[in-house]
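>>> Curious how this folds, go ahead:
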Amino acid sequence: MEKLCPLCNNIAESTKYCDKCGAEMVNEGRMQEFRDPYATEDEVEFIDNCCIHVYRCIKCNNLQSINIKDIYI
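This is a model prediction of the structure:
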């Protein structure tokens, strides 16, 4: 079985709302891509069986890191 992130592989969608203003947030991608623009070629980092994604609020630009549970296929 292979471990993968359902968001990175477009298997699932996840809608998040800002803790500060309540507006919808957009997924900016994996945390490792946010830290390093060349990380798109790297293997996905799983921390505690999660792929960490960065979400940005469309209203106040607040950033939040969200743990996305990995799945096995």
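
>>> ok, what's across the strand from the residue nearest the centre of the chain?
Most central in the chain under C-alpha atoms, centre = their mean is residue 53, positioned 1.9 Å from the mean C-alpha point. For residue 53, the beta-bridge partners under DSSP bridges are residue 30, residue 66.

>>> Pretty sure it sits against residue 29.
Yes - with contact defined as C-beta atoms under 8 Å, residue 53 reaches residue 29; the gap is 6.6 Å. In short, each C-beta sits where N, CA and C put it, glycine included.

>>> How about the contacts made by the residue nearest to the centre of the chain?
7, 14, 27, 28, 29, 30, 31, 65, 66, 68 (C-beta atoms under 8 Å, 6 or more residues apart in numbering).

>>> Any idea how far the worst-scoring helix or strand of the chain on mean pLDDT is from the middle of the chain?
The helix or strand of the chain with the lowest confidence, counting by mean pLDDT, DSSP states H and E, is helix 31-35 at a mean of 78. Distance of helix 31-35 from the chain centroid (C-alpha atoms, centre = their mean, to the nearest Å) equals 9 Å.

>>> In that helix, which residues are buried?
31, 32, 33, 34 (16 or more other C-beta atoms under 10 Å).

>>> Same question for stretch 14-30.
Buried residues in stretch 14-30, counted by 16+ other C-beta under 10 Å: 18, 25, 27, 30.

>>> same thing with stretch 63-73?
64, 66, 68, 70, 71.

>>> Now do that stretch, average pLDDT.
In this model, stretch 63-73 carries a mean pLDDT of 93.
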